[in-house]
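Peer 1: Could you look at this predicted model? Sequence included:
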Amino acid sequence: MSFEQLVEKGRKFLTDGKYFEALECFEDALIIKNNDPDLLNYKGVVLRSMGRYDEASECFNKSLEIDPRDKDSS
């Protein structure tokens with residue numbers, strides 16, 4: 001599956017509330033592009049939705065380190 005397909009599938013799972021599946025897609029996509037700030041932000045949103053706040057915060061902070069002007073970062 002391509003990077004774009006993984007991200008799109010992850011976004012769909014996130015919208016549907018299927019957090020474990022979304023997290024798996026985003027983690028697989030991060031293997032391909034590990035410094036993508038938008039992808040890190042999506043992973044953070046999933047982790048926050050799962051109640052994994054410390055891990056979510058790490059993702060958001062890393063996203064902001066990569067792109068401090070990332071408007072979509074939480």
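Peer 2: Thanks, I have it. Not measured: the values here are computed from a predicted model. Numbering: from 1, shown residues only.

Peer 1: Tell me where the model's unsure across this structure.
Peer 2: Within the chain, the stretches with pLDDT under 70 are 70-74.

Peer 1: what's near enough to touch the residue most central in space within it?
Peer 2: Taking CA atoms, centre = their mean as the criterion, residue 43 is the residue nearest the geometric centre of the chain, at 2.1 Å. Shown in contact with residue 43 (CB atoms under 8 Å, 6 or more residues apart in numbering): 23, 26-27, 30, 59. Every C-beta, even on glycine, is put in place using the N, C-alpha and C of the backbone.

Peer 1: ok, now residue 22?
Peer 2: 10-11, 13-14, 42, 46 are the contacts of residue 22 under CB under 8 Å, 6+ apart.

Peer 1: mind running it again at 6 Å?
Peer 2: Applying CB atoms under 6 Å, 6 or more residues apart in numbering, we find residue 22 in contact with 10, 13-14, 46.

Peer 1: Let me have those residues in a markdown table, extended by distance to residue 67 and neighbour count.
Peer 2: A markdown table is the format used below for the contacts of residue 22 (distance: CB to CB, whole Å; neighbours: other CB atoms under 10 Å):
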| residue | distance to residue 67 | neighbour count |
| --- | --- | --- |
| 10 | 19 | 24 |
| 13 | 24 | 19 |
| 14 | 20 | 20 |
| 46 | 19 | 26 |
